[in-house]
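Chemist: coordinates only, no sequence provided:
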Ligand SMILES: Cc1cc2nc3c(=O)[nH]c(=O)nc-3n(C[C@H](O)[C@H](O)[C@H](O)COP(=O)(O)OP(=O)(O)OC[C@H]3O[C@@H](n4cnc5c(N)ncnc54)[C@H](O)[C@@H]3O)c2cc1C
Ligand code: FES
Ligand code: FES
């Protein structure tokens, strides 16, 4: 039985008919063609699908689209500025080689941004702990941690703070 | 996933009415239910999403303890100043559940209703002398967990809130599965006046207390008091993560760590 969901995705209001069982990740990728959000597992463990729903990071493969009805959703496509300037966390991942194949990266970046918003000066331990739900099969995590440290500093800079307002 | 209908009632009474359909399933944070549905291991005809029920949310101080709404997310318990000030062991247990994204969605009611043998909250329910309030009655925490994935809940019965008693001292120590973060063995130790409770999760089909540890700690609340004590491996879980003997060993080790952390 199809139902209508309406939510704000990356600042734009969208409304679509979906099935009740449609996952949020399916809605984003197949209905809205926002394929930056990835699916890396079917056991809710890898974090490739992490997006923000009302400011909290969640696994979009373990959330129904109807559960996000009325919510504000941000995906990796919504992080960069309108002119294409990368979000400081994205820039830090590029700068510090926080990715190799890049499959896990959208989820890593979304988790990292949520982590830093709640803990502006995370220690290495906080970062490793905060990225528990994100699995990377390439990097060995070391450069991801460095990237998140640098990204956190950049997010705390006065200019980045002004841009985020 | 098989198809189902979906509703999001805004009162407990409406949720109870919707849950009367025997093929309906309650939806908490979905962090256990949705993976199960994705694997087609269950086929409910209807999902009743509890996220709109205001009566099931929030954390408040009550006489002798804390009352936590069943639809309170793990992250809210972990970050609550009230929980951190009143029962810090409970906040730290919640902070150790799964990962950040699971904690942002998963709820206390969903966790205890699911009664996974390796879930964390059941140990707190038992060690903190909790009572579970449902839409129709109050159940003592000691009587709530009846077996592996089994509780005292009747079909369609909804957990509304859980009331925990504030202990004098408490701590939870978990030896976790590094992949899933579930407890291979988790031990919650709590001292309530002269009484000490030791509740073990992960080791057997359901949470259990260890009377010999409790007696030793009631006489002398130190890790050394547990020297030479152990539980029998006979009824413990054995799987690819840990043998029953290893789990039995971990129960003592984790209990000692919890006593040390409780101070
Ligand atoms: C990757 C991963 C790691 C995890 N790691 C851990 C861990 O380390 N420790 C741990 O304890 N848990 C862990 N979990 C499980 C997690 O804590 C779940 O959130 C929890 O078990 C279920 O809560 P939920 O709110 O998501 O419930 P749901 O998945 O929505 O529901 C679970 C069951 O409870 C029923 N239910 C839900 N709410 C109620 C209610 N109020 N009254 C009656 N019945 C209800 C549902 O019908 C369903 O049968 C993990 C999960 C994942 C995906
Ligand atoms: S796709 Fe792996 S956790 Fe969502
Ligand atoms: S960069 Fe390849 S999975 Fe992380």
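Modeler: On my side now, so go ahead. Quick caveat, the model's predicted, so the values are computed rather than measured. Ligands and ions are numbered 1, 2, ... in the order given.
Chemist: how far away is the spatially closest residue to residue B:140 that is not a sequence neighbour from residue B:68?
Modeler: Leaving out its chain neighbours, the residue that sits closest to residue B:140 by Cβ to Cβ, 6 or more residues apart in numbering or on different chains is residue B:131, at 5.8 Å. All C-beta atoms are positioned from the backbone trio N, CA, C, and that covers glycine. According to Cβ to Cβ, to the nearest Å, residue B:131 and residue B:68 sit 12 Å apart.
Chemist: and what of residue A:127?
Modeler: In terms of Cβ to Cβ, residue A:127 sits 29 Å off from residue B:68.
Chemist: out of the two, which sits in the busier spot?
Modeler: Between residue A:127 and residue B:68, counted using other Cβ atoms under 10 Å in any protein chain shown, the more crowded position is residue B:68 (28 against 23).
Chemist: Three-state assignment for residue 51, please.
Modeler: Using chain A here. Three-state call for residue A:51 (DSSP: H, G, I helix; E, B strand; the rest coil): strand.
Chemist: my question was about chain B, not that one.
Modeler: Strictly by three-state DSSP, residue B:51 counts as helix.
Chemist: so who does it touch?
Modeler: Counting by Cβ atoms under 8 Å, 6 or more residues apart in numbering or on different chains, residue B:51 touches A:67, B:8, B:27, B:71.
Chemist: identify the spatial nearest neighbour of the last one, chain neighbours not counted.
Modeler: Of all residues beyond its chain neighbours, the one nearest residue B:71 is residue B:56 (4.0 Å), with distances taken as Cβ to Cβ, 6+ apart.
Chemist: looks like residue B:55 contacts residue B:12 (just checking).
Modeler: Yes: between residue B:55 and residue B:12 there is a contact under Cβ atoms under 8 Å: 5.1 Å.
Chemist: joint contacts of these two?
Modeler: Both residue B:55 and residue B:12 are contacted by residue B:160, under the criterion Cβ under 8 Å, 6+ apart.
Chemist: confidence score at the spatially most central residue of chain A?
Modeler: Chain A has residue A:110 as the residue nearest its centroid, 2.5 Å off, counting by Cα atoms, centre = their mean. pLDDT for residue A:110: 98.
Chemist: distance check, it against residue A:23.
Modeler: In this structure, residue A:110 and residue A:23 are 16 Å apart, going by Cβ to Cβ.
Chemist: contacts only, for residue 135.
Modeler: Picked chain A for this. Counted by Cβ under 8 Å, 6+ apart, residue A:135 has contacts A:40-41, A:45-48, A:104.
Chemist: meant chain B, my bad for not saying
Modeler: Applying Cβ under 8 Å, 6+ apart to residue B:135 gives the contacts B:12-13, B:15-16, B:157-158, B:160.
Chemist: pop the domain breakdown of chain A in here.
Modeler: A:2-78, A:88-164 (automatic domain parsing).
Chemist: touching ligand 3 at all, the last one?
Modeler: When you say that, I think you mean domain A:88-164. Yes: counting by Cβ under 6 Å from any ligand atom, ligand 3 is contacted by domain A:88-164 at A:99-104, A:136-139.
Chemist: in a markdown table: those residues, plus distance to residue A:147.
Modeler: Formatted as a markdown table, these follow (distance: Cβ to Cβ, whole Å):
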| residue | distance to residue A:147 |
| --- | --- |
| A:99 | 8 |
| A:100 | 12 |
| A:101 | 15 |
| A:102 | 13 |
| A:103 | 16 |
| A:104 | 12 |
| A:136 | 11 |
| A:137 | 17 |
| A:138 | 13 |
| A:139 | 9 |
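Chemist: list only buried entries from these.
Modeler: A:99, A:103-104, A:136, A:139 (16 or more other Cβ atoms under 10 Å in any protein chain shown).
Chemist: just flag the most distant two among these.
Modeler: Greatest spatial distance among those (Cβ to Cβ): A:103 and A:139, at 10.8 Å.
Chemist: hmm, who's touching the strand or helix carrying residue B:75?
Modeler: Element membership for residue B:75 (DSSP states H and E) is helix B:74-79. Helix B:74-79 has contacts (Cβ under 8 Å, 6+ apart) with A:56, B:59, B:68, B:83, B:90-92, B:94-95, B:97-98, B:100, B:102-104, B:106-108, B:111.
Chemist: who in the stretch 101-250 of chain B is up against chain A?
Modeler: Residues of the stretch 101-250 of chain B found near chain A (Cβ under 8 Å from any Cβ of the partner chain) are B:101-102, B:104-105, B:179-181.
Chemist: restricted to helices, list those.
Modeler: B:101-102, B:104-105 (DSSP state H).
Chemist: related to what we said a few turns ago, any common contacting residues for residue B:131 and residue B:68?
Modeler: Listed as contacting both residue B:131 and residue B:68 by Cβ under 8 Å, 6+ apart are B:162-163.
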